[in-house]
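Engineer: Next come a sequence and a model predicted from it.
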Amino acid sequence: MNGGRPRTLIGSYGIITVTRRGASYVALARIRDADGRLRRVTGAARTESAARARLKERLLDRPGFGSGGLLDLSSSFRDLADLWLEDLELRELSDGTKKNYRDDLRLRVRPQFEHFSLGEITTGRVEWFLRSENAVSPSRAHHSRTVLNQLFGFALRHDAIPRNPVQGTSPLRRPKGERQALTIAQINAIRDAAGRWRTGPDIKGPKPDGQVRDITEVLLGTALRIGECLALRVCDVEDGPSGMTISVTGTVVLRTGSGAVRQDHPKTEHSIRRIAVPDFAADVVRARLAGTLSTDPERTIFANRAGRPLSPFNVRRTFRAFLELADLAGEGITLRWYRRTGATVIARGASADAAATFLGHGSTAITEGHYIEPDRTVDRGPAGILDRTLRRVNPDTSLLSTDDGAVDDPTFDFLDDEDIEAA
């Protein structure tokens, strides 16, 4: 290749020339447009400086990298954040997810980068920020990374940056927590505490209505998420001769200004499901339905005095009181352990696939990775096989025999004779 003038970058223009035409001045330059072609652009005005200014306005209005769009490399991170928030409101996400994104941006991401332009935010700066976040909390770092990735993905789609600086950062490694199911002793201790909670003669105020106690039984028998359990309505229950089934079609979320509300879809599309309810949990649901005065089929089974869904926050608070009464407050037990317990029992009694379907997971990867407690029981079968085969006295040599076990049958001797003759 022979040397020559370097190719003009997309969106950039060459030397501006100004010529006089009558009483006006015309400024001219060539710009390489977004399609890669060079084009002439002109701007006319009464004075030479005004013509140059007019030309530059027209150049900046043309679609090309870093110009003519909502953002460019010189735009501030604050401008990007504001535009992304506007776009966020138009996306089909749950209100809870949008709120989490807004909070992560406001509390952590925006304060770190708001004084930078987009061109100044490098992979190294993002790497340092995520490392500092990870030192505080791996979960916090993952949330910040998610928000940053979406912000810079938005900027990338608007041709404001040549690459997403988040993509080159080191993977965040979340320490795996120990998957643990409830033991029978823990289940019974919590059951006993739930039955005794606020029932003594010295307790002042209204007596508990037993809803949280019943919720723990339903969670134990269905492995539902707490929001899914609280969203169960009268119309979601089918009770027939073969047993009870429930339809999981929503979840309860907390919304600013509204409190706990029922969302008409659960966490994922796989979470929409129908499951059979074991008898011990079905009895609780039947008793709860029998005590419901309302005839509204859309009413949630567990509701406050106003007939609205219970708040997950309040349920967790009462459950922690159960744990304290059961002397289990220091065990790290949460309502999520009921879901793990159900997954573990079904996986060991049936299969991981059955557990994933029951919990509403799209694959067994999530179920096995986060819910099923590892089975640490020791299988004595292999040791028995090794002992029978390799013991010093009377070993069973069949498993190490090279004989295929075939027995000669005189009936087929003639075949051997024919083969010999043919040879």
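Structural biologist: Arrived safely.
Engineer: Residue 141: helix or strand, and which one exactly?
Structural biologist: Residue 141 is part of helix 138-157 when elements are defined by DSSP states H and E.
Engineer: wait, residue 100
Structural biologist: Secondary structure (DSSP H and E) places residue 100 in helix 95-104.
Engineer: What of residue 204?
Structural biologist: Assessed by DSSP H and E, residue 204 sits outside every helix and strand.
Engineer: burial measure for it, as a count.
Structural biologist: Neighbourhood size, residue 204 [other C-beta atoms under 10 Å]: 5. All C-beta atoms are positioned from the backbone trio N, CA, C, and that covers glycine.
Engineer: Quick check: bridge partners of residue 27?
Structural biologist: Per DSSP bridges, the residues bridged to residue 27 are residue 18, residue 43.
Engineer: That one and residue 51 touch, don't they?
Structural biologist: Yes. Assessed by C-beta atoms under 8 Å, residue 27 is found in contact with residue 51 at 4.1 Å.
Engineer: Need the overlap of contacts for those two.
Structural biologist: 18, 43, 44, 45 (C-beta atoms under 8 Å, 6 or more residues apart in numbering).
Engineer: how near is the nearest residue to residue 95 once chain neighbours are set aside to residue 83?
Structural biologist: Distances taken as C-beta to C-beta, 6 or more residues apart in numbering place residue 255 nearest to residue 95, at 5.5 Å, with adjacent residues excluded. Computed as C-beta to C-beta, to the nearest Å, the residue 255 to residue 83 distance reads 25 Å.
Engineer: Between the two, which is the more surrounded one?
Structural biologist: With neighbours defined as other C-beta under 10 Å, residue 255 and residue 83 compare such that residue 83 has more, 18 against 13.
Engineer: Could you look up the SS state of the more buried one?
Structural biologist: helix (DSSP: H, G, I helix; E, B strand; the rest coil).
Engineer: List the buried residues in stretch 83-92.
Structural biologist: Residues 83, 84, 88 are the ones in stretch 83-92 that count as buried (16 or more other C-beta atoms under 10 Å).
Engineer: what does stretch 278-292 give?
Structural biologist: 281, 282, 284, 285, 288.
Engineer: just stretch 197-208 next, same as before
Structural biologist: Within stretch 197-208, the residues that qualify as buried are 197, 208, counting by 16+ other C-beta under 10 Å.
Engineer: distance between it and the chain's centre?
Structural biologist: Relative to its chain's centre, stretch 197-208 lies at 40 Å (C-alpha atoms, centre = their mean, to the nearest Å).
Engineer: Can you give me the end-to-end span of that stretch?
Structural biologist: Start to finish, the residues bounding stretch 197-208 are 8 Å apart (C-alpha to C-alpha, to the nearest Å).
Engineer: before we move on, back to that, could I get the buried residues of stretch 83-92 in TSV, plus columns for distance to residue 292?
Structural biologist: Output for these, formatted as TSV (distance: C-beta to C-beta, whole Å):
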residue	distance to residue 292
83	48
84	45
88	39
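Engineer: And those, which is closest to residue 101?
Structural biologist: Using C-beta to C-beta, residue 88 comes nearest to residue 101 of the buried residues of stretch 83-92, at 6.2 Å.
Engineer: so who does the closest one touch?
Structural biologist: Residue 88 neighbours (C-beta under 8 Å, 6+ apart): 98, 101, 102.
Engineer: Give me the neighbour count for the last one.
Structural biologist: When counting by other C-beta under 10 Å, one arrives at 14 neighbours for residue 102.
Engineer: Just the mean pLDDT for the helix or strand hosting residue 79, thanks.
Structural biologist: Here residue 79 sits within helix 77-90, counting by DSSP H and E. Average pLDDT, helix 77-90: 91.
Engineer: what's the angle from that helix to helix 95-104?
Structural biologist: For helix 77-90 against helix 95-104, the angle by axes from the mean of the first three to the mean of the last three C-alpha atoms, to 10 degrees is 170 degrees.
Engineer: roughly how far is helix 77-90 from the heart of the chain?
Structural biologist: 22 Å.
Engineer: Can you check what angle separates that helix from helix 138-157?
Structural biologist: For helix 77-90 against helix 138-157, the angle by the same axes, to 10 degrees is 90 degrees.
Engineer: Helix, strand or coil: sort out residue 262 for me.
Structural biologist: Secondary structure for residue 262, judged by three-state DSSP, is strand.
Engineer: Between the buried residues of stretch 278-292, which sits nearest residue 116?
Structural biologist: Using C-beta to C-beta, the buried residues of stretch 278-292 come closest to residue 116 at residue 281, 53.9 Å.
Engineer: Just the endpoints, please. Distance across stretch 371-387?
Structural biologist: Separation of the first and last residues of stretch 371-387 by C-alpha to C-alpha is 36 Å.
Engineer: Contacts for that stretch next, please.
Structural biologist: 179-181, 339-340, 343-344, 347-348, 352, 355, 359, 399.
Engineer: list the buried ones in it?
Structural biologist: For stretch 371-387, a neighbour-count test (16+ other C-beta under 10 Å) marks 371, 372, 373 as buried.
Engineer: Closest one to residue 192 out of those, please.
Structural biologist: Closest to residue 192, out of all of these and judged by C-beta to C-beta, is residue 373, at 22.9 Å.
Engineer: what's the spacing between that closest one and residue 185?
Structural biologist: Here the criterion is C-beta to C-beta. By it, residue 373 lies 15 Å from residue 185.
Engineer: Equivalent analysis for residue 241, please.
Structural biologist: 35 Å.
Engineer: Which of the two has more residues huddled nearby?
Structural biologist: Between residue 241 and residue 185, residue 185 has the larger neighbour count (other C-beta under 10 Å), namely 9 against 4.
Engineer: Could you say which helix or strand holds the more buried one?
Structural biologist: Applying DSSP H and E as the criterion places residue 185 in helix 184-196.
Engineer: how much distance is there from that helix to the middle of the chain?
Structural biologist: On C-alpha atoms, centre = their mean, the centre of helix 184-196 falls 32 Å from the chain's centre.
Engineer: cool, stretch 113-132 as well?
Structural biologist: Counting by C-alpha atoms, centre = their mean, stretch 113-132 comes out at 25 Å from the chain centroid.
Engineer: go on, stretch 243-262?
Structural biologist: The chain centre lies 18 Å from the centre of stretch 243-262; the measure is C-alpha atoms, centre = their mean.
Engineer: Mind listing what's buried along it?
Structural biologist: Counting neighbours by 16+ other C-beta under 10 Å, stretch 243-262 gives 244, 246, 248, 249, 250, 251, 252, 253, 260, 261, 262 as buried.
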